[in-house]
Structures are given as structure tokens and as C-alpha cells.
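Asks: fold the following and give me the result.
(2 chains)
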Number of protein chains: 2
Amino acid sequence: MSDTVDALVPFAPDRPKTRLSDALDTAERREFAGAMLSDVLAALRAADFSPRLLTTEATGRDVPETVDDRPLTEAVNAALADHDPSPESPLAVVMSDLALATPRAFARLRRDGDDAGDVVIAPGRGGGTNALLVRHPEFRVDYHGASYLDHLRVARRVGASVREVDSRRLATDIDERDDLTEVLLAGDGAARDWLRDAGFRLDAGDGRVSVERTRE
Amino acid sequence: MSDTVDALVPFAPDRPKTRLSDALDTAERREFAGAMLSDVLAALRAADFSPRLLTTEATGRDVPETVDDRPLTEAVNAALADHDPSPESPLAVVMSDLALATPRAFARLRRDGDDAGDVVIAPGRGGGTNALLVRHPEFRVDYHGASYLDHLRVARRVGASVREVDSRRLATDIDERDDLTEVLLAGDGAARDWLRDAGFRLDAGDGRVSVERTRE
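Replies: Numbers count the residues shown, from 1 in each chain, chains lettered A, B, ... in the order given. Predicted coordinates for the structure are as follows:
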């Protein structure tokens, strides 16, 4: 169980988080995306994963990387085919914007035992697939649309058992302005610090909590 | 561990889910809120909780109920004072709109052991507190604003240890039109069936999944 598990982290430094453009300019989005990636890599390592970036261009970061500028689904499927996952050699695929993820949350992906799952899925809000752990050689991804449902179908087709990880921290990918609230509420790493330094604060107001920016 | 644990479920039949008014009319919101409540009660019972409604008016449902028309925070605090929670006699407080909740998710609230927690919190999206389990006699609630942060503060003030339950299913309360997507994606009970019967379908479109209504 203490063997490290390889984890692929897709990253697109050339297209940083466009849906945050009403909250952050391009240079800021690039910095913030980098801070979230740092948090994800640190939490993965603390949970005994061995992360590798799957990046659209070289990053210069101190982490192994594979450069592949094809669309996400194709690039991940090429990496899955190359790795040839099995129970002895699983491969995780983890999104780089899970700013709330903790080592404990990631550790739930790699649980051993009879019900470990040939494919382990941590679904995201809106039908996405925020983290996967694959132990079956024939499973492939499809990140278009409601990928969570597609991945259930693919698993059924290839005869792979599925285990779902019910984690709010893994379900929360940071795509839109509203999601920044979650980072300020429950993050504790570089992404939370970056937002605070950029002047973002929680605004409790009357109803649901949101973010405000006190300075540019 | 197989002893049942009392669970208070606040419910306001007179003010059904006003933030869903762009998706459902008043009568529909009342029906849908009732379907979600049925799912929550069934999942609680299956996880060995003994639910009691804390309702603003009598419901006629086949479940014990306390009628209290005061605001949520006051009514829950009166019930906490009355129950006098302890490790031997905890009291859970569970929102009635957790349409994705499963018995397994609720069971994580009541886990025993050294790190069981004097106060167990399942935070919701946007800083809410979707489910609580209280074992400490002095803990009180405050549901205004970012209640999750407030509850951490209250616990610290009374010297109660806190355990957080990291569950997407408990974090997803159904307040707004976008939240209906989550019910169609991951629900499997009366609320999901009600939405389907009312004509709601997933719309995968190009990007994030949403709901559309195919008939009124």
C-alpha cells in the first residue's frame, strides 16, 4: 500500500482558466492556475502518488512532464495506452484545479481491498470527472460533456468495476468566479494565499457567501 | 454502534425553496421539496438514524414532528438545549434538501472512535452547514451567512473538537436551477423521479451539463 502510484495531471499553461476572465486578467489567471497546480502536486505527493504533468507546452517546473498538445481526451488516452494500467500498476488522472484537495482526500482514491474498484471516479460538480484511478487496461476517457456518465458507460462496456469517491474536496474544481468562494472558505495552500494577496475576501452579505475584491 | 441516533430535520412547508422560482412554480416547489424530504428521511433511517421533523407547521407525515415557527437558528437551538447532547446521546441536524444523500454518506456522520468528534460538520457549497452531529452540550448553531465558519468558531469557544465529513453528496443542497442538474446526474430517489416526471432532462450541450425542461 505504501508503493507510490503514478498520477497524471493534465495542464494547459497556454489556455489558463478562461471562465475566470470576469474575475482575473490573463496574467493573473496564469499565476492562479499555477498556484492551484502547486497545491495539487503537493497533496498528491503527500498521499504517496508520483505525479507527472501532461502539459500542452513545457513548464520548466521541478516535476516530470510529458508534453502533448493534442486535446485532453486524446492526450490522456495515449498516456493510458502507454501505461497499460493493472491492479499492480494503476494510473491516476487528476485535474490541476482541485484547489481544495487534501492528501486525505487523494488517499481515498487509492484504497486497497476487495472493493478497490477497477476504475475509481471522483465526480465533479456539473457531471465532470475530477479524479480517476484506473486499474483496467481497456478503460479509456472521454472528457466531453457529462464525462462522469460517459465514464460509467465505458467501464460497463469493458467490464470494469467502478467505485465512486464521495468527496466535496475532489468534486470542487475551480472554474468560475463563484468557485473562488470555496477556495477562500476551505483551501489552505498556495491558491488560497494567492487570492488573499490579490485582494479577494469573503463577502457574507445576507444570504449565500460570495467573494469581493478589495483592490486590484 | 447500531443504536439509533436522533436526527432533527428542519422543514418549512410554507416557504418552499424560493430560489427555485425561475424553474418551478409554487405548487411544484412544494411537491419537489416534499420529494427531497422523503429521500432524506429514507436515507437517514437506512443509516440507523431516528428522524424527527422540526417544522414550521404540521405536515401530516408519518414521522415524529415538533412544530416551531421561529426562525431556523432559534428553533434548532431550542431543540439542542432540550436534547442536551452528549457522546452517549448525540443529536444530528440534517437539512431536508440533500437530494443526493445516501445511507452511506449519512453513516459517515456518526462514525465512532477516538476521533469521532464532539461536533461533526458536513459543509455545504457556499459556506453552509448541511449536516451536523452534536455530542457536546454547549454547542449552538448560527445558520446566518457562512455558517460553516461560524460553527467552527462556536466549537472552539465551547472547547468542542470538530470533525469534518468530506462528502459531495452531503455538500450538495438543492437551492437553485443549476442544482437540479446534480439531482438528475446523481440522485436515485423520489426527487430525481419527480424532476423526470415534470419533464426535466440533462442537456449536455457543448460545455458544462445543465437541465432543460421538455414540457410544462
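Asks: and the top helix by length along chain A with chain B, contact?
Replies: Counting residues, the longest helix found in chain A (DSSP state H) is helix A:26-46. No: figure legend: helix A:26-46 not in contact with chain B (Cβ under 8 Å from any Cβ of the partner chain); closest approach 12.8 Å. From N, CA and C alone the C-beta is placed, and that goes for glycine too.
Asks: so what touches the helix or strand following that helix?
Replies: Downstream of helix A:26-46, the next assigned helix or strand under DSSP states H and E is strand A:49-55. Outside strand A:49-55, the residues that touch it by Cβ atoms under 8 Å, 6 or more residues apart in numbering or on different chains are A:4-13, A:40-41, A:44-45, A:59, A:61, A:63-68, A:75-76, A:79, A:92, A:94, A:106, A:110.
Asks: so which of those residues sit within strands?
Replies: Mapping those onto strands (DSSP state E) picks out A:5, A:6, A:7, A:8, A:9, A:10, A:11, A:65, A:66, A:67, A:92, A:94.
Asks: list the contacts for the spatially most central residue of chain A?
Replies: When Cα atoms, centre = their mean is applied to chain A, the residue found nearest the centroid is residue A:95 (2.0 Å). Residues near residue A:95 by Cβ under 8 Å, 6+ apart: A:9, A:10, A:40, A:124, A:130, A:131, A:173.
Asks: quick check, nearest of those to residue B:178?
Replies: residue A:124 (13.4 Å; Cβ to Cβ).
Asks: could you list the buried residues of the least confident helix or strand in chain A by mean pLDDT?
Replies: When each helix and strand of chain A is scored by mean pLDDT, DSSP states H and E, strand A:210-213 comes last, with a mean of 88. Across strand A:210-213, burial judged by 16 or more other Cβ atoms under 10 Å in any protein chain shown covers A:210, A:211.
Asks: ok so, going back, out of the ones in strands among the contacts of strand A:49-55, give me the two with the largest separation.
Replies: Across the ones in strands among the contacts of strand A:49-55, the longest distance by Cβ to Cβ is 22.3 Å; it joins A:5 and A:67.
Asks: give me the more crowded residue out of these two.
Replies: Counted by other Cβ atoms under 10 Å in any protein chain shown, residue A:5 and residue A:67 do not tie: residue A:5 has more neighbours, with 20 against 12.
Asks: from what I can see the more buried one touches residue A:133, true?
Replies: Yes: using Cβ atoms under 8 Å, residue A:5 is in contact with residue A:133, at 7.3 Å.
Asks: what touches both of the two?
Replies: Common neighbours of residue A:5 and residue A:133 (Cβ under 8 Å, 6+ apart) are A:90, A:91, A:92, A:110.
Asks: so how far is residue A:116 from the first one?
Replies: The reference is to residue A:90. Separation of residue A:90 from residue A:116 (Cβ to Cβ, to the nearest Å): 9 Å.
Asks: neighbour count for those two, which is higher?
Replies: residue A:90 (24 against 16).
Asks: if we can go back for a sec, tell me how far the residue nearest to the centre of chain A lies from residue B:120.
Replies: Applying Cβ to Cβ, the value for residue A:95 to residue B:120 is 28 Å.
Asks: ok, now residue A:125?
Replies: From residue A:125 across to residue B:120, the span is 23 Å (Cβ to Cβ).
Asks: same deal with residue A:17?
Replies: Using Cβ to Cβ, one gets 34 Å for the distance from residue A:17 to residue B:120.
Asks: any stretches of chain A with poor pLDDT?
Replies: A:1-2, A:206-207, A:215-216 (pLDDT under 70).
Asks: around chain B, which positions in it sit nearby?
Replies: Within chain A, the positions near chain B by Cβ under 8 Å from any Cβ are A:102, A:104-105, A:123, A:125-128, A:145-146, A:148-149, A:166-172, A:175, A:178, A:181-182, A:185-186, A:202, A:204-206, A:208-209.
Asks: which ones among those residues lie within helices?
Replies: Secondary structure assignment by DSSP H places A:104-105, A:148-149, A:168-171, A:178, A:181-182, A:185-186 of the residues of chain A next to chain B in helices.
Asks: just checking, what packs against the longest helix of chain A?
Replies: Judged by 3 or more Cβ pairs under 8 Å, 6 or more residues apart in numbering or on different chains; DSSP states H and E, helix A:26-46 is in contact with strand A:5-11, strand A:49-55, strand A:91-94, helix A:103-107, helix A:190-197.
Asks: mind redoing it with 10 Å?
Replies: The elements that helix A:26-46 packs onto, with contact taken as 3 or more Cβ pairs under 10 Å, 6 or more residues apart in numbering or on different chains; DSSP states H and E, are strand A:5-11, strand A:49-55, strand A:91-94, helix A:103-107, helix A:177-186, helix A:190-197.
Asks: among those, which comes closest to residue B:26?
Replies: helix A:177-186 (26.7 Å).
Asks: residues contacting the residue nearest to residue A:3 when sequence neighbours are not counted?
Replies: Nearest-residue entry for residue A:3: residue A:48, 7.6 Å, with adjacent residues in sequence omitted and distances by Cβ to Cβ, 6 or more residues apart in numbering or on different chains. Applying Cβ atoms under 10 Å, 6 or more residues apart in numbering or on different chains to residue A:48 gives the contacts A:1, A:2, A:3, A:4, A:5, A:7, A:103, A:106, A:107, A:110.
Asks: tell me how many other residues crowd residue A:174.
Replies: Neighbourhood size, residue A:174 [other Cβ under 10 Å]: 26.
Asks: from what I can see it touches residue A:98, true?
Replies: Yes: applying Cβ atoms under 10 Å, one finds residue A:174 in contact with residue A:98, separated by 7.8 Å.
Asks: which residues are common contacts for the two?
Replies: The contact sets of residue A:174 and residue A:98 overlap at A:36, A:191 (Cβ under 10 Å, 6+ apart).
Asks: what helix or strand is residue A:131 on?
Replies: If you go by DSSP H and E, residue A:131 is part of strand A:129-134.
Asks: other SSEs contacting that strand?
Replies: Under the contact criterion of 3+ Cβ pairs under 10 Å, 6+ apart, strand A:129-134 touches strand A:5-11, helix A:72-83, strand A:91-94, helix A:103-107, strand A:119-123, helix A:147-158, helix A:168-171.
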